[in-house]
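Q: Build me a model from this:
(one chain, ligands or ions: 1)
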Amino acid sequence: MKITVLGCGALGQIWLAALEQQGHDVQGWLRVPQPYCSVNVVGLNGETANKTFIANDPTFLADSELLIVTLKAWQVSESVKNMQSVLPAHCPVLLLHNGMGTLDELKGLPQPLLRGVTTHAARRDGTVIVHVASGITHIGPVTSAGADMSELAEVLHRALPDVAWHNNVASAAWQKLAVNCVINPLTVFYDCTNGELAEHRPEIEALSNEVAAVMEREGQHTSREWLIDYVLEVIRSTADNTSSMLQDIRAQRRTEIDYINGYVIRRARAQGITTPENSRLYEFIKRKEQDYDRESI
Ligand code: KPL
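A: Here you go, the predicted structure:
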């Protein structure tokens, strides 16, 4: 298949390397246009993929059969909208990012839209991307045009297993959102690894309870007890991780808070309920982001 990968960060590079190895014709796409993008990945088995791919080629884009979007949530809609007139109308667009809210921003996109959530973990080590943990990527349709594209899961599974197709991918997306609402801002608040959060049970419970209440009103099947257990399980299984939000804060990058706790707060407001613990941490992260500007003056 001819595949364009938008975003050449850790996840983008892992997908580019895996798809090429499977014989696909791939290009990278960078927000600041470049003719080439470098991929330098240490895989799970310790093998290195050190390659240069073509990038930002509009002719390739016009022939693409799949666009995989691996950007941060806040970069997604503007970048995808900039490409939509060149991308074929039948080319599926698969969004792989933390958080929610981009689907509203992309309403009306002519291409079939799919979304995915992944538990693969990668970290940047200087110029090298280390694929630290294997995981599952759950994908499924957002628009009716994407409903009969389950064969894509097969194609992607052969390149970077596991990939599972879900007709109702919203459920997996809400569960990942809930995990991110708890773990990401708390790891910034305590400046700690995911595993160290296990000592902060009251905040974990308060955040989980609020998100579960929002999920229930959104028609998502969950319970407060189940969600707390699920979050604790992810804290255990990713104990050594530095969350993506803490990595962003340490590198003074914009975080995905508006699409994580910010999204839950907006949904709660629309439902007429309050989420004080989510709001407290949302404000805390926003203040941290504003401090970057002050620190660089
Ligand atoms: O998705 C994650 C993130 O860091 O963004 C978790 C699941 C919290 C793993 O670190």
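Q: how about low-confidence regions in this protein?
A: The model of the chain has pLDDT under 70 over residues 296-297.
Q: Setting aside sequence neighbours, what's the nearest residue to the residue nearest in space to the middle of it?
A: Residue closest to the mean C-alpha point of the chain, counted by C-alpha atoms, centre = their mean, is residue 97 at 1.8 Å. Here the nearest residue to residue 97 in space, its sequence neighbours aside, is residue 73; by C-beta to C-beta, 6 or more residues apart in numbering that works out to 4.6 Å. Glycine gets a C-beta too; all of them are placed from N, C-alpha and C.
Q: same thing with residue 258?
A: By the measure of C-beta to C-beta, 6+ apart, the closest residue to residue 258 outside its immediate chain neighbours is residue 74, 6.4 Å from it.
Q: wait, what's in contact with that neighbour?
A: 254, 256, 258, 259 (C-beta atoms under 8 Å, 6 or more residues apart in numbering).
Q: Test my guess that the second one contacts residue 97.
A: Spelled out, it's residue 256. Yes. The pair residue 256 / residue 97 is scored as a contact, 7.3 Å apart, by C-beta atoms under 8 Å.
Q: shared neighbours of those two, which are they?
A: 72, 73.
Q: Count residues in the vicinity of residue 148, would you?
A: Residue 148 has 9 neighbouring residues, counting by other C-beta atoms under 10 Å.
Q: Dihedrals phi and psi, the residue nearest to residue 97?
A: Main-chain dihedrals, residue 73, degrees, to the nearest 10: phi -50, psi -40.
Q: Repeat that for residue 128.
A: According to degrees, to the nearest 10, residue 128 has phi -110, psi 140.
Q: Just give the number of residues close to it.
A: 13.
Q: residues touching it, list them.
A: 40, 41, 42.
Q: Can you name every helix or strand that whichever strand or helix holds residue 27 contacts?
A: Assigned by DSSP states H and E, residue 27 belongs to strand 25-29. Using 3 or more C-beta pairs under 8 Å, 6 or more residues apart in numbering; DSSP states H and E, the elements in contact with strand 25-29 are strand 2-6, helix 10-21, strand 48-54, helix 58-62.
Q: Look at residue 32 and give its secondary structure.
A: Here residue 32 is coil, with the state taken from DSSP: H, G, I helix; E, B strand; the rest coil.
Q: likewise residue 164?
A: strand.
Q: which residues pair with it across the strands?
A: residue 138 (DSSP bridges).
Q: tell me the contacts of it?
A: 136, 137, 138, 139, 153, 157.
Q: quick one: it from residue 123, how far?
A: 24 Å (C-beta to C-beta, to the nearest Å).
Q: Would you quantify the distance from the closest residue to the ligand within the stretch 1-150 of the chain to residue 197?
A: Here the residue of the stretch 1-150 of the chain nearest the ligand is residue 98; by C-beta to the nearest ligand atom that distance is 5.1 Å. Going from residue 98 to residue 197 by C-beta to C-beta gives 17 Å.
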